[in-house]
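S.K.: Give the three-dimensional model of this entry:
(one chain, ligands or ions: 1)
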Amino acid sequence: MPKERISRIVVLTGAGISAESGIPVFRGADGLWQGHRVEDVATAEAVAFNRPVVNDFFNKRRREVEKVAPNSAHRALVEWEQACGDDFLLVTQNIDPLHERAGSHNLIHMHGELQRIRCDSCGESAPFFADALAQTLCPVCGRAGGLRPDVVLFGEMPMRMEEVFMALSACDLFVAIGTSGAVYPAAGFVDLANQAGAYTVEINAAETERSPTFHERLTGRAGEVVPDFVASCFKL
Ligand code: NAD
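M.R.: All right, here's what the predicted structure looks like:
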């Protein structure tokens, strides 16, 4: 790790950081997401043609995150943000609320949030902690039938990408934690950071498709590796 020039930091997290909190990662060994084919429950087409199935899948995911707690990796990132202030940006692909539950503020949920709902009737999004059913009324416009999870499904555009690209183009340290590097555009962030001259670090329990692209790889569980890594950055 270069010692002098680390001031602007971008951290990208994926499902692996929440695995030790008890939230399963994206693709199991069977290639399914919690027993479902992605195209059945997590695509724009599935919302168009089978909205109740999509809502049912995300209702279950929403209930799952009610009681889960952040782990030591989420907490270490909060300490890092507190030490760096606005020079620290956390971008997560996760739709769970564990980063904000730990206390992160400078946070972008590029794939949306489980605990928000969107309405196709009025186009608005709002906090939401219940089940979305066919008869559930939109908390904003009061109409039924248009609700869908406020998450980015396959075939849809990730959120707040301009802010993320700006931060990547100006960062000098980029760290990717617990992400398989299989879902774009997040998988390409390391390339943008490298082009910007940043030092790039991957923290993952296993090698990924993108591993060779990083300057440094730390192998292990996020709950163990991330606190040590953050502590080592404080000593620079
Ligand atoms: P992924 O499931 O494709 O990959 C998870 C990665 O985490 C793997 O590379 C795995 O080796 C690593 N990993 C597993 N356990 C780990 C641990 N304890 N410590 C460190 N690394 C660990 O996840 P992804 O790359 O984030 O892509 C998944 C997509 O699915 C995202 O777009 C996200 O929106 C969605 N998703 C979100 C959640 C969540 O919110 N927690 C959960 C599942 C899926």
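S.K.: who touches the most centrally placed residue in the chain in this structure?
M.R.: For the chain, the residue nearest the mean C-alpha position is residue 93 (2.1 Å; CA atoms, centre = their mean). Residue 93 makes contacts with 12, 13, 14, 15, 110, 111, 179, 183, 186, as judged by CB atoms under 8 Å, 6 or more residues apart in numbering. Just so you know, the C-beta spots here come from the backbone N, C-alpha and C atoms, and that holds for glycine as well.
S.K.: what about the closest residue to residue 68 other than its chain neighbours, how many neighbours?
M.R.: Once flanking residues are discounted, residue 68 sits nearest to residue 21: 4.9 Å by CB to CB, 6 or more residues apart in numbering. Burial measure for residue 21: 20 neighbouring residues, criterion other CB atoms under 10 Å.
S.K.: Which pLDDT value does the model give residue 21?
M.R.: At residue 21 the predicted local distance difference test score is 97.
S.K.: Flag the helix or strand of this protein with the lowest per-element mean pLDDT.
M.R.: Least confident element among the helices and strands of the chain, by mean pLDDT, DSSP states H and E: helix 38-41 (a mean of 90).
S.K.: which helices and strands does the longest helix along the chain pack with?
M.R.: Among the elements of type helix in the chain, defined by DSSP state H, the one spanning the most residues is helix 44-64. Helices and strands in packing contact with helix 44-64 are listed as helix 38-41, strand 112-119, strand 147-151; criterion 3 or more CB pairs under 8 Å, 6 or more residues apart in numbering; DSSP states H and E.
S.K.: which SSE is the residue nearest to residue 23 when sequence neighbours are not counted in?
M.R.: Spatial nearest neighbour of residue 23, excluding adjacent residues (CB to CB, 6+ apart): residue 96 at 5.6 Å. Here residue 96 sits in a region with no helix or strand, counting by DSSP states H and E.
S.K.: Hmm, residue 96 is touching residue 65, no?
M.R.: Yes. Taking contacts as CB atoms under 8 Å, residue 96 lies within contact range of residue 65: 4.9 Å.
S.K.: okay, those two: which has more neighbours?
M.R.: When neighbours are counted by other CB under 10 Å, residue 96 and residue 65 differ, and residue 96 comes out ahead with 24 against 21.
S.K.: Alongside the ligand, which residues does this protein contribute?
M.R.: With CB under 6 Å from any ligand atom as the criterion, the chain comes near the ligand at residues 14-16, 18-20, 23, 25-27, 93-96, 111, 178-180, 182-183, 204-206, 208, 221-222.
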